[in-house]
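Chemist: from the sequence below, what's the structure:
(one chain, ligands or ions: 1)
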Amino acid sequence: HSIKMAGFRDDQKCTFPLQSIQDVVKLFRIELERGDEPNLALLSIVVGSVENLLTCNRYLSPRNETESEQNVKPNFPILELSTVEALYCKFESQIKGCVDVTQYRGNSYASRELVKKTSDIIWSSLTRSYCKDRAHLQTLYSYLTASDLQHDCSWLLKLERVATQKAGSKKDLLSERERGSWRYPILMATQGNKLDCFGVAFAVVAACQILGYSDVHLALSEDHAWVIFGKDGEETAEVTWHGKGNEDKRGQPVCGPTAQKSWLYLNGHPVKCNRHTEVAALVSGINPSISATADSKELATLQQKLLWLLYDQGDLKNYPMAIGNLGDLEEINPTPGRSSPIDLFHQAIFAAQTHYANHHVYPYTYLGGFFYRNGQYKDALEAWANAADVIRKYNYGREDEEIYKEFLEIANDLIPHLVKVVSNQAIEAPEKAESNCLHDPQCFAHLLRFYDGLCAWEEESSTPVLHIGWARPLVATISKFPAKTRSHVDIKISEEKEEKVDDEKNGSVNRRHSHGRRDSLQKNDVKNEEDIVKTKVNGSTNVSDKKAGK
Ligand SMILES: CC1(C)CN=C(N2CCN(c3ncnc4sc(CCF)cc34)CC2)S1
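Modeler: So this is what the prediction gives:
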């Protein structure tokens, strides 16, 4: 008897075996367009299998045997239904085997105990020690199989190669399909569950979906993931670890002072996923990298097509990072007739401004990075200044290292390089001096606003941000702007009552004051009104006579 197909419907089964990018896109389309929820575990296993075959197991398929590893270009592996079903069944029986839902019967919403129990099952089954920030550990495929299988599998390959040589002719070469079905019992035999921190959170949500809890959803910040559940998704729970050397807080709600002011938790503005946004997170997490220098073109194309599918369904509207990922992919390989990278990055910014009160940094660093790579340096400086206008709303904490590194690289690597390039341009092409960044007061104004945001981030923070390592590049950068340019920047000192604009209470309306600068009070929650000396930093190109020393 064939194994009862574990909950796979005919319309899912009919797309197998998956042999091309189109086949995978078709399976996702079926899952996303049907009335019922898309099956997160199924899609994660499929994506993980394809990613593994296209990036890790390159030498496993016969096509690669003859050619050298480097120039091999398998167009696409064959993914059998039996392989996917076997892994799905393994996950389903593990979850259902460990959670006795009868003790949670009655309340249709998940309880904190259930979420914690599900997290414990995933957590306790992970391999003891492994490199947590390795690539390709984000899907259930990685959790249900072992990447060290390849080493176990080498004897299998030697055996086959010997068998093939003995057989002599090609016809005896086992087809991928025959070998595939033959080989997977080895897949099943080897334990070795590995997941990265995002993968654990995703696995918990996929497990809760299998247990029938449609209220358990993924919550995503720019560097962490947790779950929301209960009526209206009001409850939160940590289900995974974050960073290195931090005690995990699994089972605890996301709240309290750390969550309020730290960038890691986005001050109450995380992406709260539904099932479609969870599929978008899974697709965003596809990692095409084969090595530090090579990417799988097929996998990048698959990711791009799946993101456009989700985009067209409206599933990226409240997910700025996914739109940003699509913008990066479009820069590398533009899809005819589709939005340009810059349009996509602006859509990501709009999404962050609309849904998350402009509390996300990455939409601006996606845009800034694009302008930087394309030599549009003034626009890059403006985007980075806008990124700094976001981070000023937060207090820097010890778990915010990722965004600290992001700003460190911009300030101490990208901007100094940018300034070096434009100062060489000014020397090589003096006739173009007028359009040169170093002669444009607005560029200098963007630079000052960038650093002002970092200073405001540091104020009231438990941990300092800037130190001497920042000062040297800053001095070098400022000194490249001629005094004439610097003098054109109007720095108006205006004495005025600052009414306090509280991000939280006023729906975090980002009020601009009369002189157009973000109120740094927003994050200080100053209760009583104070005389605040506000400065205006705005590059005005019109030279006031006295300023020009006339
Ligand atoms: C402008 C950039 C430096 C380029 N890539 C960036 N990212 C790549 C993709 N990233 C992401 N893309 C989609 N969804 C998520 S959820 C998440 C937190 C861990 F769960 C990260 C992340 C993280 C940010 S930011």
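Chemist: what pLDDT does Val271 get?
Modeler: Confidence at Val271, expressed as pLDDT, is 98.
Chemist: excluding its backbone neighbours, what's nearest the residue nearest to the spatial centre of the chain?
Modeler: Centroid-nearest residue in the chain, with CA atoms, centre = their mean: Met321, separated by 5.8 Å. Nearest non-adjacent residue to Met321, counting by CB to CB, 6 or more residues apart in numbering: Tyr362, 5.7 Å away. Quick note: C-beta positions are derived from backbone N, CA and C, even for glycine.
Chemist: mind listing what's buried in stretch 257-265?
Modeler: For stretch 257-265, the neighbour count (16 or more other CB atoms under 10 Å) marks 258-259, 261-265 as buried.
Chemist: for the ligand, see how far away Thr354 is.
Modeler: 18 Å (CB to the nearest ligand atom, to the nearest Å).
Chemist: so how many other residues sit close to that residue?
Modeler: 12 (other CB atoms under 10 Å).
Chemist: distance check, it against His136.
Modeler: With distances taken as CB to CB, to the nearest Å, Thr354 is found 34 Å from His136.
Chemist: what's the answer for Ala385, then?
Modeler: Ala385 is 36 Å from His136, by CB to CB.
Chemist: what sits against Lys480?
Modeler: 419-420, 422-423, 438 (CB atoms under 8 Å, 6 or more residues apart in numbering).
Chemist: biggest separation within those residues, which pair?
Modeler: Lys420 and Leu438 (10.7 Å; CB to CB).
Chemist: more neighbours, the two?
Modeler: Leu438 (18 against 13).
Chemist: hang on, that one packs against Pro482?
Modeler: Yes. With contact defined as CB atoms under 8 Å, Leu438 reaches Pro482; the gap is 6.5 Å.
Chemist: run through the helices of the stretch 351-500 of the chain in chain order.
Modeler: Applying DSSP state H, counting those that start in this stretch to the stretch 351-500 of the chain gives helices spanning 362-373, 377-391, 401-409, 415-428, 441-458, 468-480, 483-487.
Chemist: which strands and helices sit next to the third one?
Modeler: In terms of contact count using 3 or more CB pairs under 8 Å, 6 or more residues apart in numbering; DSSP states H and E, helix 401-409 is assigned the packing partners helix 377-391.
Chemist: neighbouring contacts of the helix it packs on?
Modeler: Against helix 377-391 from outside (CB under 8 Å, 6+ apart): 263, 349, 358-361, 364-365, 367-369, 371-372, 403, 407, 410, 414-415, 418, 421-422, 437, 440, 442-443, 446-447, 449-454, 457, 518.
Chemist: please produce a ChimeraX select command covering the buried subset of the residues you listed.
Modeler: In ChimeraX, a selection of the buried entries from the contacts of helix 377-391 looks like this (16+ other CB under 10 Å):
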select :263,349,358,359,360,361,364,365,367,368,369,371,372,403,407,410,414,415,418,422,437,440,442,443,446,447,449,450,451,452,453,454,457,518
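Chemist: of the contacts of helix 377-391, which are in range of the ligand?
Modeler: Near the ligand, judged by CB under 6 Å from any ligand atom, the entries from the contacts of helix 377-391 are 365, 369.
Chemist: poorly predicted segments of this protein, please.
Modeler: Applying pLDDT under 70 to the chain flags residues 1-7, 58-74, 146-192, 492-550.
Chemist: enumerate the residues of it near the ligand.
Modeler: With CB under 6 Å from any ligand atom as the criterion, the chain meets the ligand at residues 198, 220, 223-225, 281, 284, 321-322, 325, 362, 365-366, 369.
Chemist: re the thing from before, neighbours of the residue nearest to Met321, how many?
Modeler: Neighbouring residues of Tyr362 were enumerated by other CB under 10 Å; the total is 22.
Chemist: wait, it touches Leu220, no?
Modeler: No. When contacts are counted by CB under 8 Å, Tyr362 is not listed as touching Leu220 (11.3 Å).
Chemist: tell me, what's touching the two both at once?
Modeler: With CB under 8 Å, 6+ apart, Tyr362 and Leu220 have common neighbours Met321.
Chemist: stretch 429-441: end-to-end distance?
Modeler: Stretch 429-441 stretches 19 Å from its first residue to its last (CA to CA, to the nearest Å).
Chemist: how far out from the middle of the chain is it?
Modeler: 37 Å (CA atoms, centre = their mean, to the nearest Å).
Chemist: show me what counts as buried in that stretch.
Modeler: Using 16+ other CB under 10 Å as the test for burial, stretch 429-441 gives 436-441.
Chemist: what of stretch 28-41?
Modeler: 28, 31-32, 38-41.
Chemist: rewinding a little: out of the residues of the chain next to the ligand, which sit inside helices?
Modeler: Taking DSSP state H, the ones among the residues of the chain next to the ligand that sit in helices are 198, 281, 284, 321-322, 325, 362, 365-366, 369.
Chemist: tabulate those residues (CSV), appending distance to Lys116.
Modeler: Compiled in CSV, these are given as follows (distance: CB to CB, whole Å):
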residue, distance to Lys116
Phe198, 19
Ala281, 21
Ser284, 26
Met321, 27
Ala322, 28
Asn325, 31
Tyr362, 30
Thr365, 34
Tyr366, 35
Gly369, 38
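Chemist: follow-up on the earlier one: return the closest of the buried residues of stretch 257-265 with respect to the ligand.
Modeler: Proximity of the buried residues of stretch 257-265 to the ligand (CB to the nearest ligand atom) peaks at Leu264, which lies at 9.5 Å.
Chemist: for the closest one, give its distance to Glu409.
Modeler: Distance of Leu264 to Glu409, given as CB to CB: 18 Å.
Chemist: just Val25 next, same as before
Modeler: For Val25, the distance to Glu409 - CB to CB - is 35 Å.
Chemist: likewise Ala476?
Modeler: 16 Å.
Chemist: kindly report the same for Glu401.
Modeler: From Glu401 to Glu409 the distance is 12 Å (CB to CB).
Chemist: any shared contact partners between those two?
Modeler: With CB under 8 Å, 6+ apart, Glu401 and Glu409 have no common neighbours.
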